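Colleague: For reference, the sequence and a predicted model appear below.
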Amino acid sequence: MSRTYEPPIVTIQQMMRRKAYRIAPGVYGYAFSVFGRVFIPTIIAVREGSGDVGRFLDRLTRRCTIMCVQSDRLRGMLVRRGWKYTMEPSDDGDVDMWVRE
């Protein structure tokens, strides 16, 4: 499996204008980059159950971090694919992060 994909990066101004961008076939959301890491706080399937989000997760590089996961379905997908759950401190409190092991 090729883990060479990173979603398009958006600026803060772009995040304020739109809720989501196409980040992979069948997947909307957005990603931003800080200190060499790619953070993905929003992942939305166009068609739930299509497998598009799973394929998206399978292709992501180690630089990619999924954050603020609120969906039990997405959490299960990350666990099954071997992503590791961590908490990182921020100015607003701890933030949940999922990284590749």
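Modeller: Thanks, I have the structure now. Numbering: from 1, shown residues only.

Colleague: ok, which stretches of this protein are helices?
Modeller: Applying DSSP state H to the chain gives helices spanning 12-17, 52-59, 72-80.

Colleague: I'd like to know which elements the longest one is packed against.
Modeller: Counting by 3 or more Cβ pairs under 8 Å, 6 or more residues apart in numbering; DSSP states H and E, the packing neighbours recorded for helix 72-80 are helix 52-59. To be clear about C-beta, it is placed using only N, CA and C from the backbone, and glycine gets the same treatment.

Colleague: now do the shortest one
Modeller: Other helices and strands packing on helix 12-17, by 3+ Cβ pairs under 8 Å, 6+ apart, are strand 27-34.

Colleague: which other residues reach the strand it packs on?
Modeller: Strand 27-34 is contacted by residues 6-12, 14-15, 20-23, 38-46, 52-53, 56, 64 when judged by Cβ atoms under 8 Å, 6 or more residues apart in numbering.

Colleague: Kindly give a single PyMOL line that selects the buried subset of those residues.
Modeller: The command below creates a PyMOL selection of those among the contacts of strand 27-34 that count as buried (16 or more other Cβ atoms under 10 Å):
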select buried, resi 6+7+10+15+21+23+38+39+40+42+43+45+52+53+56+64
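
Colleague: In strands, which of the contacts of strand 27-34 appear?
Modeller: Tyr21, Arg22, Ile23, Val38, Phe39, Ile40, Pro41, Thr42, Ile43, Ile44, Ala45, Cys64 (DSSP state E).

Colleague: wait, what's in contact with the second one?
Modeller: For Arg22, the contacting residues are Tyr28, taking Cβ under 8 Å, 6+ apart as the criterion.

Colleague: any idea how far it lies from Pro7?
Modeller: 9 Å (Cβ to Cβ, to the nearest Å).

Colleague: How far does stretch 42-56 stretch from one end to the other?
Modeller: Using Cα to Cα, to the nearest Å, the end-to-end distance of stretch 42-56 comes to 13 Å.
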